[in-house]
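Trainee: Model the structure of this input:
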Amino acid sequence: MNVEKILAISGKPGLYALKVQTRSGFVAESLLDGKKITVGMKSNVSLLSEISMYTLTAEKPLAEILREIAIKENEGPAISHKEDNDKLLAYFSEIVPDYDTTRVYPSDIKKVFNWYNILQSKGLVSKVEVKTESVSDNKEVVNEDATENIKPEKETKKTEKLPKTEKVEKVVKAKTSDPKTKK
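Mentor: Next up is the predicted model:
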């Protein structure tokens with residue numbers, strides 16, 4: 001499940017897909033009704049890929065929780081977020097048994113189920129784990145023997161860098177001290 005470009009915007013219902021970034025913010029499309037809106041830089045926006053929930057041991061990324069719901073429901077719709085809190089808490093504890101009950105509120109759990117059902121209705125949920133490339137995977141291994149055959153680059157002539165005011169003064173002095181310009 002890839003939630004890299006899915007947004008939750010504070011004060012707006014539902015989820016949004018990031019479409020285009022502009023100078024003053026970005027354009028997002030609602031997953032509920034398909035309307036496009038412009039969102040300014042002052043708006044409080046969260047990427048679903050950056051959201052985590054507290055567990056007793058560490059924080060668990062929302063993408064993993066959504067994937068576990070998809071596995072439990074066989075990529076079908078989950079329990080409605082409008083159910084009573086006891087049902088929601090019992091269902092959520094089946095998915096994430098070690099969630100921190102003191103820091104994860106029923107309102108947070110309602111959002112998770114609401115978001116999952118929105119994503120599921122658009123076909124954006126999957127049981128397959130999305131692998132993200134880490135920086136360590138992209139490192140190149142350098143052969144030590146190959147570095148011996150590399151020729152050093154030619155040294156370039158370095159010019160003295162002066163502040164702009166000193167450069168202007170030198171140019172002015174050079175023009176005024178030129179014998180051809182004096183008459």
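Trainee: Just the strands from the protein, written as ranges.
Mentor: Counting by DSSP state E, residue ranges of the strands within the chain are 6-9, 16-21, 25-30, 36-40, 45-47, 52-54, 59-61.
Trainee: Export those strands as a markdown table, with columns for distance to H81, mean pLDDT and mean neighbour count.
Mentor: C-beta here means a position set from N, CA and C on the backbone, and glycine is covered the same way. Supplementary listing: the strands of the chain in a markdown table, determined by distance: least, CB to CB, whole Å; pLDDT from 0 to 100; neighbours: other CB atoms under 10 Å:
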| stretch | distance to H81 | mean pLDDT | mean neighbour count |
| --- | --- | --- | --- |
| strand 6-9 | 14 | 94 | 20 |
| strand 16-21 | 18 | 93 | 15 |
| strand 25-30 | 17 | 94 | 18 |
| strand 36-40 | 22 | 93 | 14 |
| strand 45-47 | 18 | 93 | 15 |
| strand 52-54 | 15 | 95 | 17 |
| strand 59-61 | 19 | 95 | 14 |
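Trainee: mind putting those in CSV, distance to D108 included?
Mentor: Formatted as CSV, the entries for the strands of the chain read as follows, by distance: least, CB to CB, whole Å:
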stretch, distance to D108
strand 6-9, 12
strand 16-21, 19
strand 25-30, 22
strand 36-40, 23
strand 45-47, 12
strand 52-54, 7
strand 59-61, 12
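Trainee: Please identify which of those is closest to N114.
Mentor: Nearest to N114 among the strands of the chain is strand 6-9 (10.1 Å), distances taken as CB to CB.
Trainee: Okay, now the sheet partners of that closest one, with direction.
Mentor: With DSSP bridges as the test, strand 6-9 is paired with strand 16-21 (antiparallel), strand 45-47 (antiparallel).
Trainee: As JSON lines, the ones you listed with distance to K35 would be great.
Mentor: Output for those, formatted as JSON lines (distance: least, CB to CB, whole Å):
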{"stretch": "strand 16-21", "distance to K35": "10"}
{"stretch": "strand 45-47", "distance to K35": "17"}
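Trainee: biggest helix in this structure by residues?
Mentor: When the chain is parsed with DSSP state H, its longest helix is helix 106-121.
Trainee: Can you give me the buried ones in that helix?
Mentor: Of the residues in helix 106-121, those buried by neighbour count under the rule 16 or more other CB atoms under 10 Å are I109, K110, V112, F113, N114, W115, Y116, N117, I118, L119, Q120.
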